[in-house]
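**Q** need coordinates for the below:
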Amino acid sequence: MALTTAAVLLTGCSDDDDRKVDSKPALTKIAIGEQYYPIGFKEQVQNNLQFFADMVAVDFYNQLPVDTMNVYFHDTYVVDNNANTTAIALYLNILTEMERSGDSVARRRLSEALFKLEEAGRFGGLFLSDYEYENRYLVSPKDDSKRNAGKVTVGDNGQILSSLAALAGAYWQHEDAELAELAQRAHRLILATVPGWHKLYDVEENDSGLLRQGWDYQTNDYLPALADNQATNQRLGALWAVLLSGGEIPAQAFTGMTTWGTQIATDGGESLTSLVTPNGGFADAMVPGLWFDEAQLITDFSPFENFAGLHVEYAAEYGIPLLSDSFDKFGKATVYGLDSVSQSYYQHGDSNQTAIGAPYASALYGLLAPMDAVDQLSQLQTQLPAIANAAGWYSLYEYQYDEQSDSVSYLTGSKMSSLHQALFSASFFADSLRNDVEHYIVNALGADAWNDVVQLYATFGIDGLCSVEDGCQRTDR
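**A** Numbering: from 1, shown residues only. Have a look, this model is predicted:
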């Protein structure tokens, strides 16, 4: 589906060929600062970073990562022609850390990658969730059957803008003019999203005070739902919409979202409150913490900790990583999550719980418990060495029990995702991302803007409870 269906809000794709990318030196080793490699786990982090090397998942012609690839015989790669925009944005952050470590090729690649985003078709400045590569440009996917074809979503744009803010913050007013200009280009991309945020906050058609969930170019209409689930990446989109609109999009777009929770009974007879995500997946709740130190910003972080504890307990029972969206053994994108923390389970009886874990989810657990996450990942590799290949770790880690022989085995697939690999890698330098995002907001948007972030996060709390008996019901905080 071409983007021209809503040209009034479309930007990008200039006819000027002067800045087209020429042949450049290759990035063959992806290395970041030594401080980000955990003791005893450097080789594994480095292995996963290599996914983003040229001629692995980064097409040297397009010079950006592909969406997914299959790996055969350990080091034979079959890639697709699609691009996940959040993965591209996180790739910018990986390149930033490489440049900080003295990689001059990464510096050049940053400029080229920004150019691709500047030229991409957008909806009032907001990015599509997925693109396709065509003649070195990012264009709307032509296969309308793809899950996110033609979709512009609040959640994905919240993640993309957070990564752009980290890049801008890293080089804001840098003494090196070339790096300072990279910051300004990222800043301009962020500011260019304001028309899109206003379009998604369509007060004439929507009096809820919330943003629309997104825009669909296939139907040339809004996505049917509102951005109302605060336990997901939608909170990032709402946060940026409020910050960038100059007060025209009210705080209600963030504070009016619902944060679902559930009561969990412990063996000792206590009742604990856990966060609930749409399908019970771990990453849904945790990914925004890559860019914002939510454990410090949220007044009561215990629902996140209890949510993580339930995931860790289930994973330990089966010897697998934590549950999150991944692939099945045939390479099909599949939703996985715990029923006990799943809104769809409580509301509709939909179960996504099966003993298939995602290594990137266990890496994200490191945002809460870094040493425990590394221990878990190390044990997983010891148990299933085949999880690793020359490009990193596969996205699938499955527990299997053979009743006839009363034996347990583990298997993996052949598929890898640039988004999963980017999340895995970024979890090890999240402190740098958080510092850079705060630096950008304070210095580019103003100290008052950072105060707004603090005040918005201070309102975060459980205001809806889910149970098997009652489904999910909104409550007062």
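**Q** and the strands in the stretch 301-450 of the chain?
**A** 326-327, 333-334, 356-357, 388-389, 392-393, 397-402, 407-411, 415-417 (DSSP state E, counting those that start in this stretch).
**Q** which strands and helices sit next to the third one?
**A** Judged by 3 or more Cβ pairs under 8 Å, 6 or more residues apart in numbering; DSSP states H and E, the packing partners of strand 356-357 are strand 397-402. Every C-beta, even on glycine, is put in place using the N, C-alpha and C of the backbone.
**Q** can you list the strands that the strand it packs on pairs with?
**A** Using DSSP bridges, strand 397-402 pairs in its sheet with strand 356-357 (antiparallel), strand 407-411 (antiparallel).
**Q** buried sites along it?
**A** Buried residues in strand 397-402, defined by neighbour count with 16 or more other Cβ atoms under 10 Å: Y397, E398, Y399.
**Q** rewinding a little: looking at the strands paired with strand 397-402, which one is packed in the most?
**A** Compared across the strands paired with strand 397-402, strand 356-357 shows the largest average neighbour count, a mean of 27 (mean count of other Cβ atoms under 10 Å).
**Q** quick one: contacts of that one?
**A** The contact list for strand 356-357, computed with Cβ atoms under 8 Å, 6 or more residues apart in numbering, reads 315, 318, 320-324, 326, 328, 334, 336, 396-399.
**Q** show me where pLDDT drops low in the chain?
**A** Along the chain, the model assigns pLDDT under 70 to residues 1-23, 143-148, 203, 205, 476-477.
**Q** quickly list the domain ranges of it.
**A** Using automatic domain parsing, the domains assigned to the chain come out as 1-9+57-246, 259-413+446-477.
**Q** and the residue lying closest to Q421 once chain neighbours are set aside, how many neighbours does it have?
**A** Nearest in space to Q421, with sequence neighbours left out and distances taken as Cβ to Cβ, 6 or more residues apart in numbering, is F51 at 4.3 Å. Neighbour count of F51, defined by other Cβ atoms under 10 Å: 30.
**Q** A strand includes F51, no?
**A** No - counting by DSSP: H, G, I helix; E, B strand; the rest coil, F51 is not part of a strand but helix.
**Q** hmm, back to that, with distance to L161 added, can I get the buried residues of strand 397-402 in a markdown table?
**A** Formatted as a markdown table, the buried residues of strand 397-402 follow (distance: Cβ to Cβ, whole Å):
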| residue | distance to L161 |
| --- | --- |
| Y397 | 31 |
| E398 | 35 |
| Y399 | 37 |
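**Q** out of the strands paired with strand 397-402, the one nearest L433 is which?
**A** strand 356-357 (24.3 Å; Cβ to Cβ).
**Q** what does stretch 380-387 rub up against?
**A** Outside stretch 380-387, the residues within contact range by Cβ under 8 Å, 6+ apart are 44, 319-321, 359, 362, 388, 393-394, 397, 410-412.
**Q** pull out the buried residues from that stretch.
**A** Within stretch 380-387, the residues scored as buried using 16+ other Cβ under 10 Å are L380, Q381, L384, I387.
**Q** do stretch 237-245 as well
**A** Neighbour counts over stretch 237-245 (16+ other Cβ under 10 Å) mark G237, A238, L239, W240, A241, V242, L243, L244 as buried.
**Q** how much space separates the last one from H198?
**A** Read it as L244. For L244, the distance to H198 equals 10 Å [Cβ to Cβ, to the nearest Å].
**Q** ditto for the fifth one
**A** A241 sits 8 Å away from H198, going by Cβ to Cβ.
**Q** identify the contacts common to these two.
**A** Common contacts of A241 and H198 (Cβ under 8 Å, 6+ apart): I249.
**Q** ok, Y91 touching A53?
**A** No - counting by Cβ atoms under 8 Å, Y91 does not reach A53; the two are 11.4 Å apart.
**Q** now do the helices in the stretch 151-300 of the chain.
**A** Along the stretch 151-300 of the chain, counting by DSSP state H, counting those that start in this stretch, helices occupy 154-171, 177-191, 194-200, 234-244, 252-255, 282-286, 294-297.
**Q** three-state assignment of Y133?
**A** For Y133, the secondary structure call by three-state DSSP comes out as strand.
**Q** run through the residues that contact the closest residue to it other than its chain neighbours.
**A** Using Cβ to Cβ, 6+ apart and skipping residues adjacent in sequence, the residue nearest Y133 is N62, 4.8 Å away. Counting by Cβ under 8 Å, 6+ apart, N62 touches A83, K116, Y133, R136.
**Q** ok, so of these, who is nearest D156?
**A** Distance ranking of the contacts of N62 against D156, using Cβ to Cβ, places A83 first at 12.3 Å.
**Q** what about that closest one, which SS state?
**A** Per three-state DSSP, A83 ends up strand.
**Q** quick one: it and Q63 touch, right?
**A** No - counting by Cβ under 8 Å, A83 stays clear of Q63, with 11.3 Å between them.
**Q** these two: who's more crowded?
**A** Using other Cβ under 10 Å, the more surrounded residue of A83 and Q63 is A83, with 25 against 21.
**Q** how much space separates the more buried one from F73?
**A** Taking Cβ to Cβ as the measure, A83 and F73 are separated by 25 Å.
**Q** list the contacts of the residue nearest to Q421.
**A** Here F51 is in contact with I30, A57, P65, A391, G392, M416, S418, Q421, S425 (Cβ under 8 Å, 6+ apart).
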